[in-house]
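Visitor: Sequence and predicted structure, then a few things I'm wondering about:
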Amino acid sequence: MQLTEDQIYALAPDEASKKAGRDLAAPAKWVTKGISSHALWGECQGSGSKPYQTQVDLAAIAFKCSCPSRKFPCKHGLGLLLLCARQPGLFSSADMPAWVNDWISKRSDKEEKKTEKAEKPIDENAQARRQQSREQKVSAGISELVVWIKDIVRNGILTVPEKGPAYWDNMARRMVDAQASGLAAMVKSLGATNFWNEGWQSSFMDKLLQLYLVAESYQHLPGINPALQQDVRSAIGFTINQDELKKQNGVTDTWLVIGKESRDEQQITVEQNWLYGLKSNQYALVLQFIVRGQVAQLSWSAGMYLDAELSYFPSAVPYRAIVKNYTINQFVTTPQIQSFEGWQQVAAHQTVLNSKLPFLNQTPIMVASLKPVQYQKQWWLQDGQGYLCRIAPQYKNIWQLVALSGGEALTMTVLGKENEYRPMGVWHQNNYKTV
């Protein structure tokens, strides 16, 4: 159990929890504490008569605490992990007490029930009828969408900024009615274009053409290669049975968590975890959807190493994946990273990917010898040959990056596409740090 303090802090739901967890990482706060191969546990004396029972599943980094907090992990879980990371000698190896063993057993039983549920027979005829009905709704919606797109092009985009929110919302709602949630999101993205920015026309047309490309591709689906068909369907909003996906052979590797971000969408937190395979040299995006008030199944932080098997979603450019199984690897010290040597290599790589998947979204890559420089009142990343690539304007941590760089070039993970990227993490003094 060798998570670093930075990795533990990255698990915190907010800054207040970080501070409170740090205050609880003191031996005097804990009445009892222990550790086994499966779990870490402790009893923290709070304001009540009974201490709070705190436990951590070490196999999956999951938390449970008897305190009334609705945050996951709570300050007690963070404090217990921080104390163990700072002073592991305080935790003697022991058998799990009953309250910890019951929780670990229930988690195991839950996983077994999931497996049993997946093995139940499915009414294939009913499933086929539902699928056919949805296909018809999607086709009807796309026919309207294509006409809408052509009207925008026919009328010109000069007056597009004058259109009110209802113009975009109405078409987005029509796509939702057509059960094409992916297209609805793309329409909303069009309406969210910052029309006050100079050069908005370029980004707007790029998004409009991607929308048209996906819509038209669906209308000619039989003539497209099978892998690309799956990309088109995914972009529209069709989902893939993840239980079936887990049955397929995956990619087993030691994976480095190179980035993690989350956003709130109504009552759900969407968490993005980017991974890099040390042996396979493959990148992966693992999404996690967390209903407010529920515990996340995956508690990862950037810089963490995982021995895991991933199953990629079918795609012309495999990228999004699900986790079949994983354990935290505590013993990676000098990882072998295969990075691009500069922006010309990146451009060649992106050209190959776009030839396979024309509506490819932004992806992460590792590039050697990059340093931030200022040119024409903008920030850029300069490679070893002197070539520049612009840092995305929404990137907010430029001064942290400049401080880490100190004017020196660093191997860096960046996320983006074409001529704009934003830094995600850097290798600094043999450690991976997010920026």
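Guide: It's in.

Visitor: remind me, longest strand of this protein?
Guide: Ranked by number of residues, the top strand in the chain under DSSP state E is strand 251-265.

Visitor: and that one, what other elements does it pack with?
Guide: strand 268-277, strand 305-312, strand 363-375, strand 410-417, strand 420-428, strand 431-434 (3 or more CB pairs under 8 Å, 6 or more residues apart in numbering; DSSP states H and E). For the C-beta atoms, the positions are set from N, CA and C on the backbone; glycine is no exception.

Visitor: Could I get the average pLDDT for stretch 363-378?
Guide: For stretch 363-378, the mean per-residue pLDDT is 95.

Visitor: Please point out which parts of that stretch sit buried.
Guide: 363-373 (16 or more other CB atoms under 10 Å).

Visitor: mind giving me a markdown table with those and columns for distance to Met304?
Guide: Shown next, in a markdown table, are the buried residues of stretch 363-378 (distance: CB to CB, whole Å):
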| residue | distance to Met304 |
| --- | --- |
| Thr363 | 20 |
| Pro364 | 16 |
| Ile365 | 20 |
| Met366 | 17 |
| Val367 | 22 |
| Ala368 | 22 |
| Ser369 | 25 |
| Leu370 | 23 |
| Lys371 | 26 |
| Pro372 | 25 |
| Val373 | 31 |
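
Visitor: Nearest residue to Trp148 in space, please, no chain neighbours.
Guide: Closest residue to Trp148 apart from its sequence neighbours, by CB to CB, 6 or more residues apart in numbering: Met171 at 5.7 Å.

Visitor: outside of the helix or strand containing the one you found, which residues touch it?
Guide: Using DSSP states H and E, Met171 sits within helix 165-177. Identification of contacts with helix 165-177 by CB atoms under 8 Å, 6 or more residues apart in numbering yields 137, 141, 144-145, 148, 181, 183-185, 187-188, 190-191.

Visitor: what pLDDT, on average, does that helix get?
Guide: Average pLDDT, helix 165-177: 96.

Visitor: got any ranges where this protein has weak pLDDT?
Guide: 1-2, 112, 114-122, 292-296 (pLDDT under 70).

Visitor: In contact with the residue most central in space within it: list those residues for me.
Guide: For the chain, the residue nearest the mean C-alpha position is Gln272 (1.3 Å; CA atoms, centre = their mean). Gln272 makes contact with 259-262, 285-287 under the criterion CB under 8 Å, 6+ apart.

Visitor: List the buried residues for the helix or strand harbouring Ala403?
Guide: Remark: Ala403 resides in helix 398-405, with elements defined by DSSP H and E. For helix 398-405, burial by neighbour count (16+ other CB under 10 Å) applies to 401-402, 404-405.

Visitor: likewise stretch 185-195?
Guide: Here stretch 185-195 shows 186-187, 189-191, 193 as buried, counting by 16+ other CB under 10 Å.

Visitor: Next: stretch 200-218.
Guide: For stretch 200-218, by 16+ other CB under 10 Å, it's 204, 207-208, 210-212, 214-215, 217-218.

Visitor: want to throw these into JSON lines with secondary structure and distance to Thr239?
Guide: Listed next are these as JSON lines, based on DSSP: H, G, I helix; E, B strand; the rest coil; distance: CB to CB, whole Å:
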{"residue": "Phe204", "secondary structure": "helix", "distance to Thr239": "28"}
{"residue": "Lys207", "secondary structure": "helix", "distance to Thr239": "23"}
{"residue": "Leu208", "secondary structure": "helix", "distance to Thr239": "25"}
{"residue": "Gln210", "secondary structure": "helix", "distance to Thr239": "20"}
{"residue": "Leu211", "secondary structure": "helix", "distance to Thr239": "20"}
{"residue": "Tyr212", "secondary structure": "helix", "distance to Thr239": "23"}
{"residue": "Val214", "secondary structure": "helix", "distance to Thr239": "16"}
{"residue": "Ala215", "secondary structure": "helix", "distance to Thr239": "19"}
{"residue": "Ser217", "secondary structure": "helix", "distance to Thr239": "18"}
{"residue": "Tyr218", "secondary structure": "helix", "distance to Thr239": "15"}
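
Visitor: returning to that earlier point: give the buried residues for the longest strand of the chain.
Guide: Residues of strand 251-265 classed as buried: 251, 253-260 (neighbour count, 16+ other CB under 10 Å).

Visitor: Could you single out the nearest of the residues you listed to Thr159?
Guide: Of all these, Thr159 sits closest to Gly259, with 39.0 Å by CB to CB.

Visitor: any idea how far the closest one is from Val435?
Guide: When CB to CB, to the nearest Å is the yardstick, Gly259 and Val435 sit 10 Å from each other.

Visitor: between those two, what contacts are shared?
Guide: With CB under 8 Å, 6+ apart, Gly259 and Val435 have common neighbours 424-425.

Visitor: what's the distance between the longest strand of the chain and the middle of its chain?
Guide: Put simply, strand 251-265 sits 5 Å off its chain's centre (CA atoms, centre = their mean, to the nearest Å).

Visitor: Okay, angle between that strand and strand 363-375 too, please.
Guide: On the basis of axes from the mean of the first three to the mean of the last three CA atoms, to 10 degrees, strand 251-265 is oriented at 60 degrees to strand 363-375.

Visitor: coming back round to it: in JSON lines: the buried residues of stretch 200-218, plus distance to Ala126.
Guide: What follows is the buried residues of stretch 200-218, written out as JSON lines (distance: CB to CB, whole Å):
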{"residue": "Phe204", "distance to Ala126": "42"}
{"residue": "Lys207", "distance to Ala126": "37"}
{"residue": "Leu208", "distance to Ala126": "38"}
{"residue": "Gln210", "distance to Ala126": "35"}
{"residue": "Leu211", "distance to Ala126": "32"}
{"residue": "Tyr212", "distance to Ala126": "34"}
{"residue": "Val214", "distance to Ala126": "29"}
{"residue": "Ala215", "distance to Ala126": "29"}
{"residue": "Ser217", "distance to Ala126": "28"}
{"residue": "Tyr218", "distance to Ala126": "24"}
